[in-house]
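Chemist: what's the 3D shape of this:
(one chain, ligands or ions: 1)
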Amino acid sequence: MQDVVLLGGPGAGKGTQAQILMRSFGYRQLSTGDLLREHRNQGTELGKAAEGYMKRGELVPDELIIKMVEGELRGDSAVLFDGFPRTVAQAEALDALLQSRERGLPKAVYFEISRALLEERMLGRWTNPRTGRVYHEKFDPPKVHGIDDQDGGPLVQREDDKPETIKKRLDVFEAQTMPLVAYYKQSGRLAAIDATQGVDAVTHALLHAIDVDHGH
Ligand code: AP5
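Modeler: Next comes the predicted model:
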């Protein structure tokens, strides 16, 4: 299996899909957002350096992110890059890194979805900070409000899922990450999927886009 970049705005469903593919198809999820939140919770130097940017909904500087990903890229499993790369400099660095490790260049899948739906998805999101499992109060509610169905742990709302920060994150995505659609298209590595559909339909489209045989 090939490494895959999940490319899409905040709230597009990248993490939701990465968790499904990880559980059912043996991919490894590498989410730079989750890794940064772990660093922040553990109070590491990187976590402290990243905190302000994350709170404001801005991107953490490329050099910090690239160094973090370099340290995380190990093992033979195909990787789903979730929330990375987010700038052209990060995409170039990822290509160079994968080539230096003799892994092929990744394919990118762009999650197409409107800004209004992204806002709605983020505003209703509840996450289990321990496992990364996400719920949505309208689209995928837990059986008991605030409690994970699977492990009974508490669900929290993310600090950056506030209306003002959501707007900033969407603006940053449009200005700094959208150019990656052209970056991957130019090298013939881009597939686009309709991310407005329900979770199962998006999984189906994603598996089709990355050529994984899923028995349908
Ligand atoms: P990060 O954690 O990456 O956040 P993000 O990109 O904003 O992505 P999200 O996690 O918000 O969305 P998602 O697409 O995973 O959606 P989800 O599956 O949860 O980044 C946070 C911050 O860290 C950044 O702002 C930045 O500061 C920093 N950072 C991270 N990476 C960086 C990098 N590479 N460079 C620089 N800075 C970086 O779904 C959302 C909701 O919708 C959930 O409630 C879910 O239940 C629901 N849902 C999902 N799919 C569906 C569906 N098909 N139908 C209905 N509901 C659905």
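Chemist: mind listing the helices for this protein?
Modeler: Taking DSSP state H to define them, one finds helices in the chain at 14-25, 32-42, 45-56, 62-72, 88-100, 115-123, 163-172, 179-186, 199-209.
Chemist: Nearest residue to the middle of the chain?
Modeler: Nearest to the mean C-alpha position of the chain, counting by C-alpha atoms, centre = their mean, stands D82 at 3.0 Å.
Chemist: need the contact list for it.
Modeler: L6, K14, G15, A18, Q29, L30, S31, T32, G33, D34 (C-beta atoms under 8 Å, 6 or more residues apart in numbering). C-betas here are computed from N, CA, C, even on glycine.
Chemist: out of everything not next to it in sequence, what's closest to it?
Modeler: Once flanking residues are discounted, D82 sits nearest to S31: 4.0 Å by C-beta to C-beta, 6 or more residues apart in numbering.
Chemist: The one you found against G15, yeah?
Modeler: Yes: using C-beta atoms under 8 Å, S31 is in contact with G15, at 6.2 Å.
Chemist: What separation is there between the residue of the chain found nearest the ligand and P141?
Modeler: Residue nearest to the ligand within the chain: G33 (1.8 Å; C-beta to the nearest ligand atom). As judged by C-beta to C-beta, to the nearest Å, G33 and P141 stand 22 Å apart.
Chemist: so what's the residue sitting furthest away from the middle of the chain bridging to?
Modeler: Distance from the C-alpha centroid of the chain peaks at V144, with 26.0 Å (C-alpha atoms, centre = their mean). With DSSP bridges applied, V144 shows beta-bridge pairing to I147.
Chemist: Check the one 10 residues further on too.
Modeler: Beta-bridge partners for P154, by DSSP bridges, are I147.
Chemist: The ligand contacts on the protein?
Modeler: Contact residues, the chain versus the ligand (C-beta under 6 Å from any ligand atom): 8, 10-16, 32-33, 36, 53-54, 57-60, 65, 83-84, 86, 90, 121-122, 124-125, 134-136, 139-140, 160, 169, 198-199, 202.
Chemist: let's go with 5 Å and repeat that
Modeler: For the chain, the residues in contact with the ligand (C-beta under 5 Å from any ligand atom) are 10-16, 32-33, 53-54, 59-60, 65, 83-84, 86, 121, 125, 134, 136, 139-140, 199, 202.
Chemist: neighbours of Q42, just the number please.
Modeler: 9 (other C-beta atoms under 10 Å).
Chemist: try A182
Modeler: Count around A182 with other C-beta under 10 Å applied: 10.
Chemist: go on, R130?
Modeler: R130 - counted by other C-beta under 10 Å - has 10 other residues nearby.
Chemist: isn't it right next to Q150, touching?
Modeler: No: between R130 and Q150 there is no contact under C-beta under 8 Å: 10.4 Å.
Chemist: Return the residues in contact with Y184.
Modeler: V5, L7, A91, K107, A108, Y110, L190.
Chemist: in the sheet, who's paired with the second one?
Modeler: Per DSSP bridges, the residues bridged to L7 are Y110.
Chemist: which residues does it contact?
Modeler: Here L7 is in contact with A108, V109, Y110, F111, T177, L180, V181, Y184 (C-beta under 8 Å, 6+ apart).
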